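J.: what follows is a predicted structure for the sequence shown.
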Amino acid sequence: MSVRVGILSFAHVHAPQYAAALGGLGAAEFVGVADDDADRGQKAADRYGVRFFESAGELFEAVDVVVVCSENRRHAGGVIPALRAGVDVLCEKPISTTVEDSHEMIRASEETARRLGIAFPVRHAPAVRRAREIVRSGAIGRVLAVNGTNHGQPPGGWFLDPELSGGGAVMDHTVHVADTLRFVLGVEVRSVYAEIGAFFGAGGVDDAGILTLEMEGGDVADGAFATVDPSWSRGAGYPTWGDLTLRITGSSGVLDVDAFSRSITTFDHESGGTSWTHAGGDPNTLMLDDFLRGAEGERIGAGGEDGLRALEVVLAAYRSGESHAPVAVARG
């Protein structure tokens, strides 16, 4: 039996990717679209051959699951009514732009017993899942340090309006790396030191940053840290839009992970050997399939609490960028 799915808003650049992925999932029936920009919503509905709903409420009545792809600041305004209408929700990252909105979304999920997922597709990349297995097997020893990147091109539009986006590259990309670190290593971020700026001409918001994250928990050494570059530094000349990479340095080995090339390289200090693992599968499709299957089998998708943990790292980074000093991550 297919799960009826709708998309609320095509404001986010990921919405067309999700719509295309839904068409290839046997578990999904893509029912329709609602959008506060009626012209944008109608064009999307026409493109994918589905119904355009005049209101979000009408969409909620017709679906089992809704994917919320509105501007960051407006996530709560779509997610909470959907949950209270009895619909499971997969919300585009970040969960929101404030801790307060995030708590309200999580509370609505708990009170209605409906599922709230956060769209962190990198968790579902085969190379990232394999990296998690390798790290947790102890094959590279205790983790000492991580270098992470999530580069991209400046997206333009509302992403450059802090009232709608909540911030620039640091908001847009740090959540991905923070969640991937938590997923792969089983850690939390204790503190953040960040230098944040605007160097690539995006305008209106930050487009570059270097973050140092102090990690705790999981199988990491005392004092283990990660550096993260979330910059919108990819120009038109790059062959791909961006990346998400991790170099995980352990006491007995190193992993080089490239989520989007779908490969993982292992350097083994003891044997002196190098090995490569290759795996396929589109992370967006895998994420949607995982969410639609719900409680069937082991789900690895991110929930509301995961989204909140990633947002807390971002907010600490912005505070650090203002103070030019390390800031403890406030977890609530």
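T.: Now that the structure is in, tell me what you want to look at.
J.: quick check: chain neighbours aside, which residue is closest to residue 224?
T.: Closest residue in space to residue 224, ignoring its immediate chain neighbours: residue 215 at 4.9 Å, by C-beta to C-beta, 6 or more residues apart in numbering. All C-beta atoms are positioned from the backbone trio N, CA, C, and that covers glycine.
J.: any idea how far the one you found lies from residue 173?
T.: Residue 215 sits 18 Å away from residue 173, going by C-beta to C-beta, to the nearest Å.
J.: scan the protein for its longest helix.
T.: Counting by DSSP state H, the longest helix found in the chain is helix 304-323.
J.: quick one: end-to-end length of stretch 143-161, please.
T.: Counting by C-alpha to C-alpha, to the nearest Å, you get 38 Å between the two ends of stretch 143-161.
J.: what mean pLDDT does it get?
T.: For stretch 143-161, mean pLDDT rounds to 96.
J.: buried residues in it?
T.: Residues 143-146, 148-155, 158-160 are the ones in stretch 143-161 that count as buried (16 or more other C-beta atoms under 10 Å).
J.: which pair in these has the greatest spatial separation?
T.: Greatest spatial distance among the buried residues of stretch 143-161 (C-beta to C-beta): 144 and 158, at 39.6 Å.
J.: report the distance from stretch 63-72 to the chain centre.
T.: Taking the mean of its C-alpha atoms, stretch 63-72 sits 14 Å from the chain's own mean (C-alpha atoms, centre = their mean, to the nearest Å).
J.: now swap in stretch 226-242 and tell me
T.: Worked out by C-alpha atoms, centre = their mean, stretch 226-242 lies 16 Å from the chain centre.
J.: what is the least confident helix or strand in the chain?
T.: When each helix and strand of the chain is scored by mean pLDDT, DSSP states H and E, strand 274-278 comes last, with a mean of 62.
J.: for the spatially most central residue of the chain, give its distance to residue 102.
T.: Residue closest to the average C-alpha location in the chain (C-alpha atoms, centre = their mean): residue 120, at 3.1 Å. Look at residue 120 and residue 102: by C-beta to C-beta, they are 14 Å apart.
J.: hang on, the earlier thing: isn't the residue nearest to the centre of the chain up against residue 306?
T.: Yes: Residue 120 lies in contact with residue 306 (C-beta atoms under 8 Å); the separation is 7.0 Å.
J.: what residues are shared contacts of the two?
T.: Common contacts of residue 120 and residue 306, defined by C-beta atoms under 8 Å, 6 or more residues apart in numbering, comprise residue 179.
J.: and which of the buried residues of stretch 143-161 is nearest residue 311?
T.: Set against residue 311, the nearest of the buried residues of stretch 143-161 by C-beta to C-beta is residue 150 (15.3 Å).
J.: and that closest one, its phi and psi?
T.: Note on residue 150: backbone dihedrals following degrees, to the nearest 10 are phi -140, psi 80.
J.: correct me if wrong: it contacts residue 234.
T.: No: look at residue 150 against residue 234 with C-beta under 8 Å: they stay out of range, at 10.6 Å.
J.: once you drop chain neighbours, what's closest to residue 23?
T.: residue 30 (6.3 Å).
J.: distance of that neighbour relative to residue 292?
T.: In terms of C-beta to C-beta, residue 30 sits 11 Å off from residue 292.
J.: where do the contact lists of these two overlap?
T.: Listed contacts common to residue 30 and residue 292 are residue 5; contacts here mean C-beta under 8 Å, 6+ apart.
J.: now do the SS call for the residue of the chain most remote from its centre.
T.: What lies farthest from the middle of the chain is residue 271; by C-alpha atoms, centre = their mean that is 35.6 Å. When classified by DSSP: H, G, I helix; E, B strand; the rest coil, residue 271 comes out as coil.
J.: phi and psi next, for it.
T.: Backbone torsions for residue 271, taken as degrees, to the nearest 10, come to phi -90, psi -20.
J.: no more questions from me, cheers.
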